[in-house]
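>>> fold the following and give me the result.
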Amino acid sequence: MIELRHLRTLLALRETGSLVDAADRVHLTQSALSHQLKDLESRVDSALFVRKTRPVEFTRAGLRLLALADQVLPEVRKAERDLARLAGTEQGRLHMAIECHSCFQWLMPTVDYFRDHWPEVEIDIPSGHHFDPLPALAREQLDLVITADPQPLEGIHYAPLFRYEGLLAVARQHPFAGRGFIEPQALAEETLITYPVEQSRLDIFTQFLQPANVRPQEIRTAELTIMMMQLVASGRGVCALPNWALTEYLERDYVSAVKLGEHGVWSTLYAAIREETREAPWMQDFLRTARETSFAVLSGVKPADRDAEPAA
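Below you'll find the model as predicted:
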């Protein structure tokens, strides 16, 4: 009567707080999700949540099924992992590089969880490497690269992890603070603070400024996010960061954030892996863990279409 897909849907509804976001999480249309929930309510002969509440308010029946989901789904996941391990014949190696200055917030919990469940897989995040990560992945010097800048390379697959929005961080007293959004021309007289990477790898340039043929008045760089925030808060410039990287600073009212354009600037974060390891049980579990962890610890991210190919 109750299927695993029902339990996963209820968990997504609890975690996201809305039907629209829950539908994205489980890769269904909102109509299909509503139909699935109505079908489940018919099976158990009880309403599971109160309609038109946000966040969703669950009934006693809904809470009981959520308790079941919390108990059953981790055991199912453990059994799937054990079966995958039994079917495997080789130990794995997972040496990774990160082309993302603000990714450690979700990557470290992912690595810790994965290490506990796959102790036979050798995990390392080399520091101070002096090579381009993606070509190194193709040469088998690395096994996974976290990147928002996929490049066409033979034998490399880009597994989408999640989508995120880039926001412009400004000082609380800045004229942009409080605006709904800004247009590219507004940055022509601003100092833009970025990480020390090529402009071709920064969404603020490729998706926002360059299409409008706009350049900031000045560009300066900073190695660390906290350094960028200190400069922004003191009125020394503005910077664009992923929405999740700004969450703690916005909650502390340290800076303000503004959308880039009326519809925002959205990007996808990928895990680049070699085709030969794509179906390895431990790699599949790492990607699944990375997605689940990111949704659990990051604010404002959305599911990515796992079948979509990155733009050339």
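
>>> how about the residue of the chain most remote from its centre, phi and psi?
Distance from the C-alpha centroid of the chain peaks at D45, with 36.7 Å (C-alpha atoms, centre = their mean). Main-chain torsions, D45, degrees, to the nearest 10: phi 60, psi 40.

>>> and what of S267?
Main-chain dihedrals, S267, degrees, to the nearest 10: phi -140, psi 170.

>>> tell me who's in contact with W244.
Contact analysis of W244 by C-beta atoms under 8 Å, 6 or more residues apart in numbering lists 102, 105-106, 164, 298-301. Backbone N, C-alpha and C define where each C-beta goes, glycine included.

>>> ok so it is a strand residue?
No - applying DSSP: H, G, I helix; E, B strand; the rest coil, one finds W244 to be helix, outside a strand.

>>> and it, how far from R278?
Separation of W244 from R278 (C-beta to C-beta, to the nearest Å) stands at 26 Å.

>>> need the nearest residue in space to the residue positioned nearest the centre of the chain, chain neighbours excluded.
When C-alpha atoms, centre = their mean is applied to the chain, the residue found nearest the centroid is F162 (3.8 Å). The shortest distance from F162 to any non-neighbouring residue, by C-beta to C-beta, 6 or more residues apart in numbering, is to V301 (4.4 Å).

>>> same check, this time on E15
In this structure, E15 finds its nearest non-sequential neighbour in F295, 6.8 Å apart by C-beta to C-beta, 6+ apart.

>>> ok, that neighbour touching L161?
No - between F295 and L161 there is no contact under C-beta atoms under 8 Å: 9.9 Å.

>>> and those two? Which one has more around it.
More crowded of F295 and L161, by other C-beta atoms under 10 Å: L161, with 25 against 19.

>>> which SS class is that one?
Here L161 is strand, with the state taken from three-state DSSP.

>>> and the gap between the residue nearest to F162 and L40?
27 Å.

>>> and the strands in the chain?
49-50, 57-58, 93-98, 122-124, 144-147, 156-170, 181-182, 191-194, 218-221, 238-242, 256-260, 265-274 (DSSP state E).

>>> can you pull the buried residues of the third one?
Buried residues in strand 93-98, counting neighbours by 16 or more other C-beta atoms under 10 Å, are found at 94-97.
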